[in-house]
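Engineer: Prediction below, plus the sequence it came from.
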Amino acid sequence: MEKKYQFSPETMAVVQKMMGRYPEGKQKSALLPVLHLAQAEFDGWLSAEAMDYVAEVLNITPIEVYEVASFYSMYNLKPVGKCLLEVCRTSSCWLMGSEDIVHHIEKKLGIKDGETTADGQFTLKTVECLGSCGTAPMLQCGADFYENLSLEKVDTLLDNLRKDGERRTYIKDQKVNMD
Amino acid sequence: MGKKLLLEHIDVPGIQSLNVYRQKGGYETLKKALTSMTPEQILEEVKTSGLRGRGGAGFPTGLKWSFLAKPEGVARYLVCNADESEPGTFKDRYLMEKIPHILIEGMIVSSFALGANTSYIYIRGEYFYVARILENAIAEAYEAGLLGKNIMGSGYDLDLYVQIGAGAYICGEETALLESLEGKRGNPRIKPPFPAIAGLYGCPTVVNNVETIAAVVPIVKDGGAAYAQIGIGKSTGTKLISASGHLNKPGVYEIELGLPVEEFIYSEEYCGGIKNGKQLKAVVAGGSSVPILPAHLILKTAAGEPRLMSYEGLADGGFATGTMLGSGGFIAMDEDSSIVKNLWTFSRFYHHESCGQCSPCREGTGWMEKILHKILHGHGTLADVDLLWDIQSKIEGKTICPLGDAAAWPVASAIRHFRNEFEEYVKQGHSIKDVKHYYRLNHLPEPVN
């Protein structure tokens, strides 16, 4: 059977370089960044098989990968849409109307917080403070911050993301216009 | 106009790049440090400056550095805490994005002072694009011989790396950060031993906030004594304040410590007053963890003196009538803001972010979130308010790391200053429309027996 999970040679080169940042025998330090690479390369989420593969690459046990992947909120342990819309909901964003943004997206896409659209384009997720309090309300999609949101800007953003059709990852800036 | 030490050149076009940064005097301080100072002299300047940790705790940086163990033949590390996740705080992101080289320069000078030959900047995963800006800046610095072997011909070697996190507030706690940097869950360690003795990979380590490390540059440039001239009392120097909420001009401001809160909120030089001409109701002055204060207590101390933005000024009155400078995350709420609902967003935050090691925090944060939700939706009782008080008092001081305190303080202070509003929610539930007046002008030092 063909092995499904295999980093591209380019990614593997990045991983090798990354492991050189730490002292001899401390290659486990590369786990968080390597999991980000894995998530970006393997359809935006980390399956058990993907995590086993990462364990093999770093020469650590699978449980060491599972316990880390399940601890941090940026790792998706189930499939997500091409565009994961992470709307900040904490204090400053809430004060500036993040609930309206969430309700608007829910209505427009016909999904609830945590759900994915049937076409696999969007997943909506409310998240805790993203450090964009002075430009609230905001959402993150992939590496990009979309700030000072209004309902109109959200409409434009969703349209443009859909038109673009690309999968968003944290690794790559792919900002689309929202004005 | 207040003195600017970190943001002086922030508006210079191209200041992100090494060339423009150098045209503005960048890396001259590094040259001074490497060619004319010993590590001990740098430490002395930092001590003299009175610089205190800008991440929130306010611990004297020089003292922290002086604790670093220096056993023969063991590597030492400097780790920059760029995990900035305290709700209301976005100053480090701003600094790193706009003027990354001041952090890089500060890292090299500080690493030299501490005798570290490998250093890391641990940045929260959500700031991926900022990490890339830092990586580009680091690449420029290597290219120019400012990093790597024999920096500026001094014989000093340093490698500097950016390490990316993956979404966990707790990793801003320094021992959780070190765990995370070692590729583990971000569970804080039991102290002692402190990182200065056994930190990253068990080696002596200093962990400092982004702004703290950046401040080392002006301190070494002009001397610790000059830095100590700025500010007020033991709050020396400048501080970056992240202003958000219902303000006309939210954003990051560099203030001289000691600035009156009233001037910060209302003057055109800073926040320009409250949005839409409304009245100020309350302020969270130092990030979500610090006690919330009603308008009259944030503008003036209990003794009626103007309240100053400094470590001591904001703490005046203790937790009964004061708060803390914390990380400088300044959240202003107008007259129509619901204190109870805002508190619920905080409690939900701490519940979400608790690492789960200590039961009082793991369980207590969840209980507080649930009770607040119940009160908000009109299903609460007056006894629930007392229960909230009881729970927070049983979390505070009973956990390995300060996340427990951080979760407890907002709850305690909201009840202390706004108990009326909680009671109105109990009576009216979510049908509540007008929350303007539900706070006691006379705070309750012990609101619950």
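Structural biologist: Thanks, I have the structure now.
Engineer: in what helix or strand does residue 176 lie?
Structural biologist: No chain was given, so I picked chain A. Assigned by DSSP states H and E, A:Val176 belongs to neither a helix nor a strand.
Engineer: My question was about chain B, not that one.
Structural biologist: helix B:174-181.
Engineer: Could you list every helix and strand that that helix packs against?
Structural biologist: Secondary-structure packing of helix B:174-181 (3 or more CB pairs under 8 Å, 6 or more residues apart in numbering or on different chains; DSSP states H and E): strand B:77-82, strand B:118-123, strand B:205-209. For glycine as for every other residue, the C-beta is placed from the backbone atoms N, C-alpha and C.
Engineer: pLDDT on it, on average?
Structural biologist: Mean per-residue pLDDT for helix B:174-181: 98.
Engineer: what do you get for stretch B:7-14?
Structural biologist: Averaging pLDDT along stretch B:7-14 yields 97.
Engineer: For that stretch, what is the distance to the chain centroid?
Structural biologist: 23 Å (CA atoms, centre = their mean, to the nearest Å).
Engineer: Would you mind listing what in the stretch 101-250 of chain B touches chain A?
Structural biologist: Applying CB under 8 Å from any CB of the partner chain, we find that the stretch 101-250 of chain B lies next to chain A at B:118, B:124-129, B:132, B:159, B:161, B:163-169, B:180-186, B:201, B:242-246, B:250.
Engineer: do the helix or strand hosting B:Ala332 and chain A meet?
Structural biologist: Element membership of B:Ala332 [criterion: DSSP H and E] is strand B:329-334. Yes - Strand B:329-334 reaches chain A (CB under 8 Å from any CB) through B:Gly329, B:Ile331, B:Met333.
Engineer: Make CSV out of the residues you listed and add neighbour count and pLDDT.
Structural biologist: Output for those, formatted as CSV (neighbours: other CB atoms under 10 Å in any protein chain shown; pLDDT from 0 to 100):
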residue, neighbour count, pLDDT
B:Gly329, 31, 97
B:Ile331, 30, 98
B:Met333, 25, 96
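Engineer: Pull the number of nearby residues for the residue nearest to B:Glu335 when sequence neighbours are not counted.
Structural biologist: Excluding its sequence neighbours, the residue lying closest to B:Glu335 (CB to CB, 6 or more residues apart in numbering or on different chains) is B:Gln279, at 4.3 Å. Per other CB atoms under 10 Å in any protein chain shown, the neighbour tally for B:Gln279 reads 11.
Engineer: which SS class is the residue located most distally from the centre of chain A?
Structural biologist: Ranked by distance from the centre of chain A (CA atoms, centre = their mean), the top residue is A:Glu24, with 30.4 Å. Classification of A:Glu24 by DSSP: H, G, I helix; E, B strand; the rest coil places it in coil.
Engineer: if I look at it, how far off is A:Val65?
Structural biologist: 21 Å (CB to CB, to the nearest Å).
Engineer: Give me the residues contacting the helix or strand that contains A:Pro33.
Structural biologist: Using DSSP H and E, A:Pro33 falls within helix A:31-41. For helix A:31-41, the external contacting residues (CB atoms under 8 Å, 6 or more residues apart in numbering or on different chains) are A:5, A:7-8, A:11, A:14-15, A:18, A:45-46, A:50-51, A:53-54, A:57-58, A:60, A:64-65, A:68-69, A:72, A:74-76, A:169-172, B:125, B:163-166, B:180, B:183-184.
Engineer: can you tell me the average pLDDT over that helix?
Structural biologist: On average, helix A:31-41 scores 97.
Engineer: Specify the angle between that helix and helix B:174-181 in degrees.
Structural biologist: 50 degrees (axes from the mean of the first three to the mean of the last three CA atoms, to 10 degrees).
Engineer: between helix A:31-41 and strand B:118-123, how big is the angle?
Structural biologist: Using the same axes, to 10 degrees: helix A:31-41 against strand B:118-123 is 50 degrees.
Engineer: quick revisit: and the strand holding B:Ala332, what other elements does it pack with?
Structural biologist: Packing partners of strand B:329-334 (3+ CB pairs under 8 Å, 6+ apart): helix A:91-95, strand B:238-245, strand B:280-284.
Engineer: just the CA coordinates of stretch B:150-165, formatted as PDB?
Structural biologist: Extracted C-alpha coordinates of stretch B:150-165, given in PDB (Å, rounded to 0.1, in the frame of the first residue of the first chain):
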ATOM      1  CA  ASN B 150      32.600  36.600  15.800                       C
ATOM      2  CA  ILE B 151      29.900  39.400  15.800                       C
ATOM      3  CA  MET B 152      31.400  42.800  14.800                       C
ATOM      4  CA  GLY B 153      34.900  41.200  15.200                       C
ATOM      5  CA  SER B 154      34.400  40.900  19.000                       C
ATOM      6  CA  GLY B 155      34.900  37.200  19.200                       C
ATOM      7  CA  TYR B 156      31.400  36.800  20.600                       C
ATOM      8  CA  ASP B 157      29.200  34.200  18.900                       C
ATOM      9  CA  LEU B 158      25.400  34.100  18.900                       C
ATOM     10  CA  ASP B 159      22.700  32.100  17.100                       C
ATOM     11  CA  LEU B 160      19.200  33.400  17.300                       C
ATOM     12  CA  TYR B 161      16.100  31.500  16.300                       C
ATOM     13  CA  VAL B 162      12.400  32.100  16.200                       C
ATOM     14  CA  GLN B 163      10.200  29.400  17.700                       C
ATOM     15  CA  ILE B 164       6.500  29.300  16.900                       C
ATOM     16  CA  GLY B 165       3.900  28.300  19.400                       C
END
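Engineer: Great, nothing more from me.
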